[in-house]
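Participant: Take this sequence and fold it.
(chains A and B)
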Number of protein chains: 2
Amino acid sequence: MHPAEFRQNVREGRFQGPTSGQCGPYAQANLVILPQANADDFLRFCLFNPKACPLLGVGEPGQWAIPALGEDLDIRTDVPGYYVYRDGRRAEELTSLEALWRPDFVTFALGCSFSFEQMLLQEGIPLRHIQEQKNVAMYRTNVKNRPAGPFAGERVVSMRPMKAADAIRAIQITSRFPGIHGAPVHFGDPSLIGIRDLQQPDYGDAVAILPDEVPVFWACGVTPQNALSGAALPLAITHKPGYMLVTDILNSSLAVF
Amino acid sequence: MHPAEFRQNVREGRFQGPTSGQCGPYAQANLVILPQANADDFLRFCLFNPKACPLLGVGEPGQWAIPALGEDLDIRTDVPGYYVYRDGRRAEELTSLEALWRPDFVTFALGCSFSFEQMLLQEGIPLRHIQEQKNVAMYRTNVKNRPAGPFAGERVVSMRPMKAADAIRAIQITSRFPGIHGAPVHFGDPSLIGIRDLQQPDYGDAVAILPDEVPVFWACGVTPQNALSGAALPLAITHKPGYMLVTDILNSSLAVF
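Facilitator: As a prediction, this is how the structure comes out:
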């Protein structure tokens, strides 16, 4: 299914679930919507922390159309789930922002690891959380983000266990895609980045790590969500985790070489 | 110093040492010279095992000039040390092949890790064996080469300990250079590739591995030398380890992207 048709289904309430596996070759995006008063700081935060916050697109103030991400896209209605944060706390869960939209809202679309996972699977690299039908394991680290305005906090990483040869190949593959988190930021000993117990992820589900595997860590799109919570803005909107924006951008077109 | 001038010095006996650090930006090569009767099998062996035996150049039978590697190059005299193997055993060490040269000799020049080490150092990735002024540590593995004719045996690897972030960067850098061993073949647990004790290398010198480092393993140019010994040919010639052929090929020109 083409993303335009998929978004139409979302818009009209015919699709309401998580988007994993939908429109496979097309990039899905993390969503952040902020009042313009905070948008400049958040833009700098993304530019300062590109591995965790790779910008796929930015909307014009007040515009719900973002043609660079999808010709007919309406950011108020085309994501199957939204979280509204007030003063840093989750306040509402919505399926449309039409009632809430303001002329000063600025939309940020950030690259998502679903895209590079598709590339890894295409190369025959098995992904444990998919084999185990779980959400990927994610962890808070002690690696500080470079702050911008009220946005700061620590990097969150996702972890995929792999054999070393697969990890080397995965580093090669994901290096081609800086727009979707790029190369891993760490592998091996989790304590070196402040993770105490791989079996107790901070988000998602723990997965088995076999004796001939190493944990490989990528910067994760939960990083900006944490930074948002920490900033405790009066108002901020994100997608509901797993309920992503499906764009018209082919994953393969995001390769920088 | 330009490689042409350096080779002139070697040819005339003014330079007689190991070539590490000479003509920095230019590729140095491992050398194998075989009678034509064995050359076809060895060529296939290189093509079958490109990570250990990356071909930089092949000479025409009987020709001591190899213009692709250096305009004025004379393979009989331009390497500061040669080993002559007879029936698989080292028989002589020479500084010239002029007396030994035969019209059926075929020369193979294979990429050398000196080239990618220069790339790693340029990126600020420290190399322990250079810090400790030692030869790089090399190990026989249990990874079988794909055999061709009499050439077989197991892969030999070189090991460099690195922090994970440096290892990820090193994988990116060396992936661009398949002609000089390319990306690592393994990292982490050495027992997974049949190495029992990193402090007891089979060639070169043991180096310190710090608690926050992982051993990273690249396929090594000693692999073909071992395959040569195993083949026990009546006659085979190589460079003396560390006494390499200095070519006119810029390392940077070997990047495939």
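Participant: neighbours around the closest residue to chain B within the stretch 1-150 of chain A, how many?
Facilitator: When distances are taken as CB to the nearest CB, the stretch 1-150 of chain A reaches nearest to chain B at A:Val143, 10.3 Å away. Any C-beta I mention is one placed from the backbone N, CA and C, and that applies to glycine too. A:Val143 has 20 neighbouring residues, counting by other CB atoms under 10 Å in any protein chain shown.
Participant: With the one 10 residues further on instead?
Facilitator: Other residues lying near A:Gly153 total 21 when counted by other CB under 10 Å.
Participant: How about A:Trp218?
Facilitator: Other residues within reach of A:Trp218 by the criterion other CB under 10 Å amount to 26.
Participant: cool, A:Arg140 as well?
Facilitator: 20.
Participant: need the contact list for the spatially closest residue to it that is not a sequence neighbour.
Facilitator: Among residues not flanking A:Arg140 along the chain, A:Asp202 sits closest, at 4.8 Å (CB to CB, 6 or more residues apart in numbering or on different chains). The neighbours of A:Asp202, taking CB atoms under 8 Å, 6 or more residues apart in numbering or on different chains as the test, are A:138-140, A:156.
Participant: go on, A:Pro147?
Facilitator: Contact partners of A:Pro147, counting by CB under 8 Å, 6+ apart, are A:45, A:48.
Participant: for A:Val143, same thing?
Facilitator: A:Val143 sits in contact with A:154-155, A:185, A:193-194, where contact means CB under 8 Å, 6+ apart.
Participant: ok so, going back, quick check, pLDDT for the residue nearest to A:Arg140.
Facilitator: At A:Asp202, the predicted lDDT confidence score is 96.
Participant: Just give me the neighbour total for A:Ala167.
Facilitator: Taking other CB under 10 Å as the neighbour definition, A:Ala167 ends up with a count of 27.
Participant: and the closest residue to it other than its chain neighbours, what helix or strand is that in?
Facilitator: Take A:Ala167 and drop its neighbours on the chain: the residue closest to it by CB to CB, 6+ apart is A:Val216, 5.0 Å away. The secondary structure element spanning A:Val216 is strand A:213-219 (assigned by DSSP states H and E).
Participant: elements contacting that strand?
Facilitator: When contacts are defined as 3 or more CB pairs under 8 Å, 6 or more residues apart in numbering or on different chains; DSSP states H and E, strand A:213-219 sits against strand A:154-163, helix A:164-175, strand A:186-187.
Participant: Mind putting the ones you listed into a markdown table with mean pLDDT and distance to A:Val106?
Facilitator: Converted to a markdown table, the helices and strands packed on strand A:213-219 look like this (pLDDT from 0 to 100; distance: least, CB to CB, whole Å):
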| stretch | mean pLDDT | distance to A:Val106 |
| --- | --- | --- |
| strand A:154-163 | 98 | 23 |
| helix A:164-175 | 98 | 28 |
| strand A:186-187 | 98 | 32 |
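Participant: Of those, flag the one that's most buried.
Facilitator: The highest mean neighbour count among these, using mean count of other CB atoms under 10 Å in any protein chain shown, belongs to strand A:186-187: a mean of 26.
Participant: do it and chain B meet?
Facilitator: Yes - judged by CB under 8 Å from any CB of the partner chain, strand A:186-187 comes into contact with chain B through A:186-187.
Participant: In its sheet, which strands sit next to that strand, and in what direction?
Facilitator: For strand A:186-187, the paired strands and their directions (DSSP bridges) are strand A:213-219 (antiparallel).
Participant: Report how many residues lie close to the closest residue to A:Ala91 other than its chain neighbours.
Facilitator: When the adjacent residues along the chain are set aside, A:Ala91 lies closest to A:Val84, with 5.2 Å between them (CB to CB, 6+ apart). Around A:Val84 there are 17 other residues, counting by other CB under 10 Å.
Participant: List the buried residues in whatever helix or strand A:Val84 lives in.
Facilitator: Under the criterion of DSSP H and E, A:Val84 resides in strand A:82-86. Buried positions in strand A:82-86, judged by neighbour count with 16 or more other CB atoms under 10 Å in any protein chain shown: A:82-85.
Participant: Looking at the nearest residue to A:Asp189 once chain neighbours are set aside now. What's its pLDDT?
Facilitator: Take A:Asp189 and drop its neighbours on the chain: the residue closest to it by CB to CB, 6+ apart is B:Asp212, 7.2 Å away. Predicted confidence (pLDDT) for B:Asp212: 97.
Participant: and if you look at the one 10 residues further on?
Facilitator: You'll see B:Val222 listed with a pLDDT of 93.
Participant: residue contacts, it?
Facilitator: For B:Val222, the contact set (CB under 8 Å, 6+ apart) comprises B:138, B:156, B:203, B:241.
Participant: so the second one bridges to which residues?
Facilitator: Beta-bridge partners recorded for B:Val156 (DSSP bridges): B:Arg140.
Participant: thought it was touching B:Pro201?
Facilitator: No - taking CB atoms under 8 Å as the definition, B:Val156 is not a contact partner of B:Pro201, at 10.1 Å.
Participant: coming back round to it: and the residue nearest to A:Ala91, how far is that from A:Gly230?
Facilitator: The spacing between A:Val84 and A:Gly230, counted by CB to CB, to the nearest Å, is 17 Å.
Participant: one step back: got a list of what the residue nearest to A:Ala91 touches?
Facilitator: Taking CB under 8 Å, 6+ apart as the criterion, A:Val84 is in contact with A:90-94, A:100, A:235-237.
Participant: go with 6 Å
Facilitator: Contacts of A:Val84 were listed using CB atoms under 6 Å, 6 or more residues apart in numbering or on different chains, and they are A:91-92, A:237.
Participant: can you tell me which of those residues are in strands?
Facilitator: A:91-92, A:237 (DSSP state E).
Participant: Just the buried residues of stretch A:191-201, please?
Facilitator: Going by neighbour count (16+ other CB under 10 Å), the buried part of stretch A:191-201 is A:192-193, A:195, A:201.
Participant: three-state assignment of A:Leu100?
Facilitator: Secondary structure, DSSP: H, G, I helix; E, B strand; the rest coil: A:Leu100 is coil.
Participant: ok so, going back, how about the contacts of A:Asp202, which pair is most distant?
Facilitator: Set against one another by CB to CB, the contacts of A:Asp202 have their most distant pair in A:Met138 and A:Arg140, with a gap of 8.2 Å.
Participant: can you list residues touching both of the two?
Facilitator: With CB under 6 Å, 6+ apart as the test, A:Met138 and A:Arg140 both reach A:Val156.
Participant: So for stretch A:122-131, mean pLDDT?
Facilitator: On average, the pLDDT along stretch A:122-131 is 95.
Participant: Torsion angles phi and psi at A:Leu31?
Facilitator: Geometry field for A:Leu31 lists phi and psi as phi -120, psi 130, criterion degrees, to the nearest 10.
Participant: on that earlier part again, which parts of the helix or strand hosting the residue of the stretch 1-150 of chain A closest to chain B count as buried, going by neighbours?
Facilitator: Taking DSSP H and E as the definition, A:Val143 sits inside strand A:137-144. Of all the residues in strand A:137-144, those buried under the rule 16+ other CB under 10 Å are A:137-141, A:143.
Participant: How about stretch A:61-69?
Facilitator: Under the neighbour-count rule (16+ other CB under 10 Å), stretch A:61-69 has A:64-66, A:69 buried.
Participant: For those residues, give me JSON lines that also has distance to B:Gly111.
Facilitator: Rendered in JSON lines, the data for the buried residues of stretch A:61-69 read as follows (distance: CB to CB, whole Å):
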{"residue": "A:Trp64", "distance to B:Gly111": "55"}
{"residue": "A:Ala65", "distance to B:Gly111": "52"}
{"residue": "A:Ile66", "distance to B:Gly111": "47"}
{"residue": "A:Leu69", "distance to B:Gly111": "44"}
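Participant: Quick check: the two most widely separated of those residues?
Facilitator: Maximum pairwise distance in the buried residues of stretch A:61-69, criterion CB to CB, is 11.4 Å, between A:Trp64 and A:Leu69.
Participant: Quick one: name the residues of the stretch 101-250 of chain A near chain B.
Facilitator: For the stretch 101-250 of chain A, the contact set with chain B under CB under 6 Å from any CB of the partner chain comprises A:164, A:168, A:171-172, A:175, A:183-184, A:186-188, A:192, A:212, A:214.
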